[in-house]
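Visitor: I need the structure of the sequence given here:
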Amino acid sequence: MKKIKLYKFFMWRIIRNIGLFIKWGLFSSFTGIVVGGFSTLFAFCLKKATNFRMAYPQMIFLLPLGGVMIVFLYSIFKYKNDKGTNLVLSTIHAKSEIPFKMAPLIFISTIITHLFGGSAGREGAALQLGGSIGNQLGRWFKFDEKDRRIVVMCGMSAAFSAIFGTPIAASIFAMEVGSVGVMYYAALVPCVFSSLVASKFAIDMGIRPNVFHIMDMPGFHVIPSIKIIVLAVCCAAVSVVFCIVLHSLGDFYREKLKNPYIRIIVSSLIIILLTVILHTSDYMGAGVEVIERAISGKVNPSAFIWKIIFTALTLEAGFKGGEIVPSFYVGATFGCLFGQIIGISPSLCAAVGMIAVFCGVTNCPITSMLIAFELFGYDAVPYFLIAISVSYFMSGYYGLYHAQTIVYSKYKAEYINRKTKNL
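Guide: Numbering: from 1, shown residues only. A predicted model of the protein is given here:
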């Protein structure tokens, strides 16, 4: 009798697991197609806007007009208190809800930001777009609150994968970024399926991922490793400065310039003035072309400083976009400069710096490793692993997202459950 009951119990568990797998396999694939479609359109529009702005760099003089348009859009949708990616992370923690209206708002406003030359990335916007669409799909399919958290992560993975072309890293990032020290493994199958489907959809539609080639690769020896450790420590410091500058300027703006229209116009005028003084368009948009130059070994020594300033002026004033590609820009240009100064391959240092700064600002070491593998291949794996581990350790509890929770300490095996520091 006991054997029969045990057999029935195991059969019930197997049937239940098969049912759950079919449920999430089908739904995550559907989410990958839907979010991948919107993200592909988003990437296509961003590319067109960027190409137009590069053809007509004088568009920067219309940046105040673009800013006013963004503030007006958010006001007519009655969505003045925009928390951006932080709202997506809060939804994962079940502390808030992503409104579906975030999707069209972030779509249009990010296009406007890039069209007129604001310094911003695209992945942060993609996370908000994917999270918003995923959450709405969860509502339509009447998923409960816990399942909707998984659906939000599923949408985030799909959007990140389609936009940036790193499906492996995108699968893990959504599970890792919300709570440092804890991975939401319940979302593994949905995130993997949606990420792969969205990536395939985007590639078939002509959205090609960025892939970089490291030149002059030194062998894995003691002296180059020590230099990479020093670089990683410096990148951790740069990542902390990046976070502090962004959040400090945001607090200053909200305290001194409470009117969103005045705030975005003032910041736009500062950006225009700096662009005219510096006489370059290198700090407009995401700056992927500058990252490519840095990895080829060419860099303006002050590029990483100016990119931090331009990105803070853009995003904290009310323009929309993301911080991830700007962090890549900052890391790549700083790393290239470091390599030239200390006498090690500037190309390798640009790649390592790019990943190390990303790890420092996001507190996501596993995602950082996977992005490194997908963007640069496996030749520099030892150096990437060293830099990521050191940057993660040395960057402390600072981070881009104040909704991110540090569940377990970076330094001891203890539960701390605290928010990231912004200042």
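
Visitor: What's the local residue count around Leu273?
Guide: 10 (other CB atoms under 10 Å). (C-beta placed from N, C-alpha, C; glycine too.)

Visitor: Give me the distance between it and Ala125.
Guide: Separation of Leu273 from Ala125 (CB to CB, to the nearest Å): 26 Å.

Visitor: With Glu145 instead?
Guide: 26 Å.

Visitor: what do you get for Val182?
Guide: Taking CB to CB, one finds Val182 at 26 Å from Ala125.

Visitor: Between these two, which has more neighbouring residues?
Guide: Legend: neighbour count by other CB under 10 Å for Val182 and Ala125, higher for Ala125 (28 against 15).

Visitor: For the nearest residue to that one once chain neighbours are set aside, pull up the helix or strand it's in.
Guide: Once flanking residues are discounted, Ala125 sits nearest to Thr110: 4.2 Å by CB to CB, 6 or more residues apart in numbering. If you go by DSSP states H and E, Thr110 is part of helix 102-115.

Visitor: could you give the mean pLDDT of the helix or strand that that helix is followed by?
Guide: Downstream of helix 102-115, the first helix or strand assigned by DSSP H and E is helix 123-140. The average pLDDT within helix 123-140 is 86.

Visitor: And the contacts of the one helix or strand Met175 maps to?
Guide: Per DSSP H and E, Met175 falls inside helix 167-176. With CB atoms under 8 Å, 6 or more residues apart in numbering as the test, helix 167-176 has contacts from 127, 153-154, 156-158, 160-161, 164, 183-185, 187-188, 191-192, 195-196, 198-199, 364, 366-367, 370-371, 373-374.

Visitor: Apply 7 Å and report the result again.
Guide: 153, 156-157, 160-161, 183-184, 187-188, 191-192, 195-196, 199, 364, 366-367, 370-371, 374 (CB atoms under 7 Å, 6 or more residues apart in numbering).

Visitor: and if you look at stretch 24-35?
Guide: So stretch 24-35 is in contact with 130, 133-134, 137, 141, 154-155, 158-159, 189-190, 193-195, 197-198, 201, going by CB under 7 Å, 6+ apart.

Visitor: swap the cut-off to 6 Å and go again
Guide: Stretch 24-35 is contacted from outside by 130, 133-134, 137, 154-155, 158-159, 189-190, 193-194, 197-198, using CB atoms under 6 Å, 6 or more residues apart in numbering.

Visitor: which pair in these spans the largest distance?
Guide: Pairwise distances across the contacts of stretch 24-35 (CB to CB) peak at 19.0 Å, for the pair Ile133 and Val189.

Visitor: what's the pLDDT at Asn86?
Guide: Taking Asn86 on its own, its pLDDT is 67.

Visitor: re the thing from before, next structured bit after the helix holding Met175?
Guide: Immediately after helix 167-176, counting by DSSP H and E, sits strand 179-180.

Visitor: could you give the mean pLDDT of that next one?
Guide: Strand 179-180 comes out with an average pLDDT of 84.

Visitor: C-terminal to it, what's the next element?
Guide: helix 188-204.

Visitor: Excluding chain neighbours, what is closest to Lys227?
Guide: In space, Lys227 is closest to Ile344, 4.8 Å off (CB to CB, 6+ apart).

Visitor: in which helix or strand would I find that neighbour?
Guide: Following DSSP H and E, there is no helix or strand that holds Ile344.

Visitor: That one: how many residues sit nearby?
Guide: By other CB under 10 Å, 22 other residues sit near Ile344.

Visitor: got it, and Glu414?
Guide: 8.

Visitor: Relative to Ser395, how far out is it?
Guide: 19 Å.

Visitor: How about Ile112?
Guide: In terms of CB to CB, Ile112 sits 32 Å off from Ser395.

Visitor: More neighbours: these two, which one.
Guide: Ser395 (26 against 21).

Visitor: Surely that one and Val241 touch.
Guide: No. In this structure, Ser395 is not within contact of Val241 by CB atoms under 6 Å, at 10.5 Å.

Visitor: Please enumerate the shared neighbours of those two.
Guide: Counting by CB under 6 Å, 6+ apart, nothing touches both Ser395 and Val241.

Visitor: More neighbours: Ile133 and Val189, which one.
Guide: Ile133 (27 against 18).

Visitor: contacting residues around that one?
Guide: By CB under 6 Å, 6+ apart, Ile133 lies in contact with Val35, Ala103, Gly155.

Visitor: Buried residues in the host helix or strand of Lys227, which are they?
Guide: Using DSSP H and E, Lys227 sits in helix 222-256. Neighbour-count burial for helix 222-256, counted by 16 or more other CB atoms under 10 Å, picks out 224, 227-229, 231-247, 249-250, 253.

Visitor: Once you drop chain neighbours, what's closest to Pro64?
Guide: Nearest residue to Pro64 in three dimensions, chain neighbours excluded: Ser268, at 4.1 Å (CB to CB, 6+ apart).

Visitor: quick one: what helix or strand has the one you found in it?
Guide: helix 260-278.

Visitor: Touching the following helix or strand past that helix from outside, list them.
Guide: Note on helix 260-278: by DSSP H and E, the next helix or strand toward the C-terminus is helix 288-295. Residues outside helix 288-295 that contact it (CB under 6 Å, 6+ apart) are Phe212, Asp282, Phe328, Tyr329, Ala332, Thr333, Cys336, Ser347, Ala350, Ala351.

Visitor: For the closest residue to Val151 other than its chain neighbours, grab the count of nearby residues.
Guide: Setting aside the residues directly before and after it, Val151 is nearest to Gly138 in space (CB to CB, 6+ apart), at 3.7 Å. Applying other CB under 10 Å, we find 23 other residues in the vicinity of Gly138.

Visitor: ok, now the one 3 residues further on?
Guide: The tally of other residues near Phe141 (other CB under 10 Å) stands at 14.

Visitor: Just the CA atoms of stretch 117-124, as PDB, please.
Guide: Output of stretch 117-124 as PDB, limited to C-alpha atoms (Å, rounded to 0.1, in the frame of the first residue of the first chain):
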ATOM      1  CA  GLY A 117      21.800  64.200 -28.900                       C
ATOM      2  CA  GLY A 118      21.300  63.300 -25.200                       C
ATOM      3  CA  SER A 119      23.900  61.100 -23.700                       C
ATOM      4  CA  ALA A 120      22.100  57.900 -22.800                       C
ATOM      5  CA  GLY A 121      22.100  54.200 -23.500                       C
ATOM      6  CA  ARG A 122      19.300  51.900 -24.700                       C
ATOM      7  CA  GLU A 123      19.400  48.900 -22.400                       C
ATOM      8  CA  GLY A 124      17.900  50.700 -19.400                       C
END
